[in-house]
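Engineer: with the sequence up front, the predicted model follows.
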Amino acid sequence: AALVAAAVAVPAIGIAGAPTAGAQAADFGPCGNVHDNVDLWKDVKYATPAHKDGAIDVVFPGGDKSRGYAVRQGHKPAQLTDLLVIPTARETGIECDNLLEAGAPHYFKDAFEQASILPPGNQGQAPDWALGINSADNRGQDQLHIHVTLLDPTARA
């Protein structure tokens, strides 16, 4: 399901363009009710780069919270082997139409860039890792989040 969703997301990433230099981009609108009581949404909706609210990092590209994301640890107890990249805007999932709009955030690119904080692999080499998302039918949280996780060596083999 994650591979299919990633294939669907690639056109969304390719369609979205950067705002014209010097132009102020309009706030990116939410997909879902900002008053929803979803745990992953509650975890990030008040997070800022200055007040991370338990996140490893919070990034607002160009200072714009509507295009921002938080990086949190996915495992409990916390391990730095599974990260979640969660939009700070209300996004129920990859099926949100607003992710196809020009100027939409590049959440998969953002998640790809966060893989660099995973621990090194064998003998100090870069680790094997994967990005994944949950389909609408296979998730317990209706807030878009991208898993950035170390790939189990047996899965790679």
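Structural biologist: Received, thanks.
Engineer: how many neighbours does residue 110 have?
Structural biologist: As a burial measure, residue 110 scores 19 neighbours (other CB atoms under 10 Å). (Glycine included, C-beta is placed from N, CA and C.)
Engineer: helix, strand or coil: sort out it for me.
Structural biologist: helix (DSSP: H, G, I helix; E, B strand; the rest coil).
Engineer: just the helices in this protein please.
Structural biologist: Remark: helices assigned in the chain by DSSP state H are 2-15, 39-44, 107-114, 153-156.
Engineer: how far is stretch 150-157 from where the chain is centred?
Structural biologist: 22 Å (CA atoms, centre = their mean, to the nearest Å).
Engineer: list the contacts of that stretch.
Structural biologist: Contacts with stretch 150-157, where a contact means CB atoms under 8 Å, 6 or more residues apart in numbering, come from 81-82, 118-119, 127-130.
Engineer: next step: those restricted to strands.
Structural biologist: 82, 129-130 (DSSP state E).
Engineer: of those residues - the most surrounded one?
Structural biologist: Result: residue 129 is most packed of the ones in strands among the contacts of stretch 150-157 (other CB under 10 Å), 19 neighbours.
Engineer: now it. Nearest residue, chain neighbours left out?
Structural biologist: Using CB to CB, 6 or more residues apart in numbering and skipping residues adjacent in sequence, the residue nearest residue 129 is residue 115, 5.0 Å away.
Engineer: let's see the pLDDT reported for the one you found.
Structural biologist: Model confidence at residue 115, given as pLDDT, is 88.
Engineer: ok, it touching residue 147?
Structural biologist: No - Residue 115 is not in contact with residue 147 according to CB atoms under 8 Å; the separation is 10.8 Å.
Engineer: just give me the neighbour total for residue 120.
Structural biologist: By the criterion of other CB under 10 Å, residue 120 has 9 neighbours.
Engineer: on that earlier part again, any common contacting residues for residue 115 and residue 147?
Structural biologist: residue 131.
Engineer: quick one on the thing from earlier: show me the two of the contacts of stretch 150-157 that sit farthest apart.
Structural biologist: Largest separation among the contacts of stretch 150-157 by CB to CB: 119 and 130, giving 15.0 Å.
Engineer: I'm done for today, thanks for sticking with me.
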